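> return a 3D structure for these sequence lines:
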Amino acid sequence: EQSMPKLNLRGLFTPADYRMAIRKVNQTIASARATGVDHALFFSGAAIFPLIPWGVRNKMRKQRRRELMAQAVAAFNDGHPGLEMLWVTKPEKRLFIRVRGA
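Here you go, the predicted structure:
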């Protein structure tokens, strides 16, 4: 369970809304998570050959996760006109929710 940070969102966002928004983002990107096949290919990497398909699958999964995260952020921003969700990837990946125009 995610804890809501102590922010003053001027009554635009309740803790229940925050939990629902984070849950939707998690559900959206769930299809881009590693599967048992990915884990098996990675851990059998001592044979070297399984690392090739794992690398291809990993690259495709990363691309898919990026696309899904962008869709989730856009959906949140469309549904909350007073708030803005930002997904910053550098220097480290972070997801921000702030008052729009702040």
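
> so where's the protein shaky on pLDDT?
Within the chain, the segments meeting pLDDT under 70 span 1-10, 102.

> ok, which stretches of it are strands?
Listed in chain order, the strands of the chain (DSSP state E) span 83-88, 94-99.

> could I get those strands in TSV, plus columns for distance to A75 and mean neighbour count?
(C-beta placed from N, C-alpha, C; glycine too.) Output for these, formatted as TSV (distance: least, Cβ to Cβ, whole Å; neighbours: other Cβ atoms under 10 Å):
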stretch	distance to A75	mean neighbour count
strand 83-88	9	15
strand 94-99	13	14
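
> let me know which of those is the nearest to R66.
strand 83-88 (9.1 Å; Cβ to Cβ).

> could you give the angle of that closest one to strand 94-99?
Angle of strand 83-88 versus strand 94-99, following axes from the mean of the first three to the mean of the last three Cα atoms, to 10 degrees, is 160 degrees.

> what packs against strand 83-88?
helix 51-79, strand 94-99 (3 or more Cβ pairs under 8 Å, 6 or more residues apart in numbering; DSSP states H and E).

> swap in 10 Å and give it another go.
Helices and strands touching strand 83-88, by 3 or more Cβ pairs under 10 Å, 6 or more residues apart in numbering; DSSP states H and E, are helix 15-29, helix 51-79, strand 94-99.

> if you count contacts, what does the first one end up packed against?
Helices and strands in packing contact with helix 15-29 are listed as helix 51-79, strand 83-88, strand 94-99; criterion 3+ Cβ pairs under 10 Å, 6+ apart.

> could you dump the strands of the chain to a markdown table with distance to Q71?
Output for these, formatted as a markdown table (distance: least, Cβ to Cβ, whole Å):
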| stretch | distance to Q71 |
| --- | --- |
| strand 83-88 | 11 |
| strand 94-99 | 14 |
